[in-house]
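Participant: Sequence and predicted structure below; questions after.
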Amino acid sequence: MRSGQEIKFMKTNIKTIAIFTSGGDSPGMNAAIRAVVRTALHHSIKVFGIMHGYDGMIKGEFISVDATSVSGIIQRGGTILKTARSIRFMTNEGMKEAAAQLKKHKIDAVVAIGGDGTFKGALEFYSICKIPFIGLPGTIDNDLAGSDFTIGYDTAVNTVVEAVDKIRDTAESHDRLFFVEVMGRDAGLIALNSGIGVGAEAILIPETKTYIEDLIKLLQKGWKRKKSSYIIIVAEGDDAGGAYAVAEKVKAKFDKLDTRISVLGHLQRGGNPTANDRLLATRMGFEAVKALVKGKKNVMVGIVDKKVVYTPFSKAVKYHLKPDKSLMEMVEILSA
Ligand code: F6P
């Protein structure tokens, strides 16, 4: 093992950076913050944390952080820097105020942890502030191009699996049909992969059209063979509506089963990050500082096939899941 002092990095002109989290929080954001702060300090770079995302940038909520500020946070969900969805930052005036605050604090570069909204904002902001940004994908939705996984996704899927396993117990005991709504306004990956993990009878996602008649056929088939419980996972952004809307449509045509609805909601965004998310966030945080030192700007750090890649913000935000047909077929065959 080599001591940290011996590990050499390239020389950099960057003296001070700022870091913030933005948009929906995700488990592992803290682990990423810790890695960024400690890697920057290793390079003798001063770090400011900005509280409450872009909103806090506008208001000047800058706090100086050191190695101790990030002690004991690797295992904690949420974000110690807090987060927000800023309406004010979307205006030219808001962006100018934010740029003035970065200048006032002599910030040479910024690390932004968030999702597509965060990176779209950063891209537009660059024309005003001219300060390089490096992005880290922090969202439970796993909906960014340029990384196999985003920070928080693995934890969210595991949280859903744990919750739905419990629902399955009670569904089995009562011979009931459950519609379970999971997060994903535009992206169905949480629904798809947690659904497979819990052996869901059907999985409804925004990326594919939902046919209620097909769902009815599936229920009728199960009814004939006296199947005792059903779990239908519904992504909140499904084209047929959320769990309540889908349940209504199904009940109107098939009322043989006692039905319940469960909306998992924000519990999917909290909790201690899984080991996978901690590893991902730590590696990405470390790489974010390396990227800045290398002179990269306006790119998201991602990991694809175990390798670090940089994707321009303009591309990272253009993710669209093309559901694997064989996976969808598998779900149908296994739910029989
Ligand atoms: O972006 C992550 C996400 O959790 C989505 O899956 C969900 O639709 C949304 O955030 C909910 O956002 P809010 O907490 O602002 O209601």
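Facilitator: Arrived safely, thanks for sending.

Participant: Please count neighbours and contacts with C-alpha atoms only from this point.
Facilitator: Noted.

Participant: Please name the residues that touch residue 102.
Facilitator: Residues near residue 102 by Cα atoms under 8 Å, 6 or more residues apart in numbering: residue 57.

Participant: That one in helix, strand or coil?
Facilitator: helix (DSSP: H, G, I helix; E, B strand; the rest coil).

Participant: So residue 99 lies in a helix, does it not?
Facilitator: Yes. With three-state DSSP as the criterion, residue 99 is assigned to a helix.

Participant: Kindly provide the distance from the nearest residue to it once chain neighbours are set aside to the ligand.
Facilitator: In this structure, residue 99 finds its nearest non-sequential neighbour in residue 129, 5.0 Å apart by Cα to Cα, 6 or more residues apart in numbering. Look at residue 129 and the ligand: by Cα to the nearest ligand atom, to the nearest Å, they are 26 Å apart.

Participant: quick one, phi psi at residue 129?
Facilitator: Per-residue torsions, residue 129: phi -90, psi -30 (degrees, to the nearest 10).

Participant: Number of residues surrounding the residue lying closest to residue 44 once chain neighbours are set aside?
Facilitator: Counting by Cα to Cα, 6+ apart, residue 15 is the residue found nearest to residue 44 once chain neighbours are left out, at 7.4 Å. Here the number of neighbours of residue 15 (other Cα atoms under 10 Å) works out to 15.

Participant: And residue 92, by the same measure?
Facilitator: Other residues lying near residue 92 total 13 when counted by other Cα under 10 Å.

Participant: what's the spacing between it and residue 291?
Facilitator: Using Cα to Cα, to the nearest Å, we find residue 92 at a distance of 28 Å from residue 291.

Participant: Ok, residue 83 next?
Facilitator: Counting by Cα to Cα - residue 83 and residue 291 are separated by 24 Å.

Participant: who has more neighbours, the two?
Facilitator: residue 83 (23 against 18).

Participant: what about the residue nearest to the more buried one when sequence neighbours are not counted, distance to the ligand?
Facilitator: Closest residue in space to residue 83, ignoring its immediate chain neighbours: residue 52 at 4.2 Å, by Cα to Cα, 6+ apart. According to Cα to the nearest ligand atom, residue 52 and the ligand sit 13 Å apart.

Participant: again, but for residue 207
Facilitator: 14 Å.

Participant: can you give me phi and psi for that residue?
Facilitator: According to degrees, to the nearest 10, residue 207 has phi -80, psi -10.

Participant: Residue 62 now?
Facilitator: According to degrees, to the nearest 10, residue 62 has phi -100, psi 130.

Participant: Let's see the pLDDT reported for it.
Facilitator: With respect to pLDDT, residue 62 scores 98.

Participant: Equivalent analysis for residue 324, please.
Facilitator: 87.

Participant: what do you get for residue 222?
Facilitator: 93.

Participant: for it, what are its contacts?
Facilitator: Going by Cα under 8 Å, 6+ apart, residue 222 touches residue 336.

Participant: And it, how far from the ligand?
Facilitator: From residue 222 to the ligand the distance is 31 Å (Cα to the nearest ligand atom).

Participant: Mind listing what's buried along the helix or strand where that residue lies?
Facilitator: Using DSSP states H and E, residue 222 sits within helix 212-224. For helix 212-224, the neighbour count (16 or more other Cα atoms under 10 Å) marks 215-216, 218-219, 222 as buried.

Participant: Beyond that helix, next helix or strand please.
Facilitator: Following helix 212-224 in sequence, per DSSP H and E, is strand 230-235.

Participant: Would you mind listing the outside residues contacting the following helix or strand past that following strand?
Facilitator: On the C-terminal side of strand 230-235, the closest following helix or strand by DSSP H and E is helix 243-253. Residues outside helix 243-253 that contact it (Cα under 8 Å, 6+ apart): 179-181, 212, 215-216, 234-236, 240, 259, 261-263.

Participant: Format these as a markdown table; extra columns: pLDDT.
Facilitator: Compiled in a markdown table, the contacts of helix 243-253 are given as follows (pLDDT from 0 to 100):
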| residue | pLDDT |
| --- | --- |
| 179 | 98 |
| 180 | 98 |
| 181 | 98 |
| 212 | 97 |
| 215 | 96 |
| 216 | 96 |
| 234 | 98 |
| 235 | 98 |
| 236 | 98 |
| 240 | 98 |
| 259 | 97 |
| 261 | 98 |
| 262 | 98 |
| 263 | 98 |
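
Participant: Could you identify the most distant pair in these?
Facilitator: Across the contacts of helix 243-253, the longest distance by Cα to Cα is 21.2 Å; it joins 216 and 263.

Participant: tell me the SS of residue 186?
Facilitator: Under three-state DSSP, residue 186 comes out as coil.

Participant: That one against residue 206, yeah?
Facilitator: Yes. Counting by Cα atoms under 8 Å, residue 186 does reach residue 206; the two are 6.1 Å apart.

Participant: With neighbour numbers in mind, choose between the two.
Facilitator: residue 206 (22 against 18).

Participant: Give me the distance between the more buried one and residue 322.
Facilitator: From residue 206 to residue 322 the distance is 11 Å (Cα to Cα).

Participant: can you check residue 131 too?
Facilitator: Distance from residue 131 to residue 322, by Cα to Cα: 34 Å.
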